[in-house]
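> whatever this is, show me its structure:
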Amino acid sequence: MESLGRYLMLGAIVLFLIGGGVYLAAKFGIPIGRLPGDIHIEGKNGSFYFPIVTSILLSVVLTVILNIVVRFFRK
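I've put the predicted structure just below:
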């Protein structure tokens, strides 16, 4: 049960850092979620938004970060 608590605390710290990064990106005008290639369709009754390029970019960044973390903890 002790290891579960550690993982939950680590997850909370990671989420806090991600939230802080998103906040700072918005504060400095970095267009996360509004990159070229993101799909945005507006109609009469509503709109549809799918940030596909942002999703791909975040996936690549998180993959690199997680690979670095895993290699660090394996040694």
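> distance of residue 29 from residue 47?
Using Cβ to Cβ, to the nearest Å, one gets 23 Å for the distance from residue 29 to residue 47. C-beta coordinates here come from the backbone N, C-alpha and C atoms, glycine included.
> on the three-state scheme, residue 59 is what?
Per DSSP: H, G, I helix; E, B strand; the rest coil, the secondary structure class of residue 59 is helix.
> can you tell me the number of residues neighbouring it?
10 (other Cβ atoms under 10 Å).
> and it, how far from residue 9?
Distance from residue 59 to residue 9, by Cβ to Cβ: 25 Å.
> again with residue 62
Taken as Cβ to Cβ, the span from residue 62 to residue 9 is 19 Å.
> cool, and residue 66?
18 Å.
> ditto for residue 46
Distance, residue 46 to residue 9, by Cβ to Cβ: 40 Å.
> neighbour count winner among those two?
Ranked by neighbour count (other Cβ under 10 Å), residue 46 and residue 9 place residue 9 first, with 10 against 7.
> ok, that one - contacts?
Residues counted as contacts of residue 9 (Cβ atoms under 8 Å, 6 or more residues apart in numbering): none.
> three-state assignment of it?
Three-state assignment for residue 9 (three-state DSSP): helix.
> how much space between the spatially most central residue of the chain and residue 6?
The centroid of the chain falls nearest to residue 58 when counting by Cα atoms, centre = their mean (5.3 Å). Separation of residue 58 from residue 6 (Cβ to Cβ): 25 Å.
> measure residue 43 to residue 49 for me?
Distance of residue 43 to residue 49, computed by Cβ to Cβ: 12 Å.
> can you check residue 38 too?
7 Å.
> so where is this protein shaky, pLDDT-wise?
75 (pLDDT under 70).
> that one: strands as residue ranges?
39-42, 47-50 (DSSP state E).
> tell me how far stretch 39-54 lies from the chain's centre.
Relative to its parent chain, stretch 39-54 has a centroid offset of 19 Å by Cα atoms, centre = their mean, to the nearest Å.
> all set, thanks.
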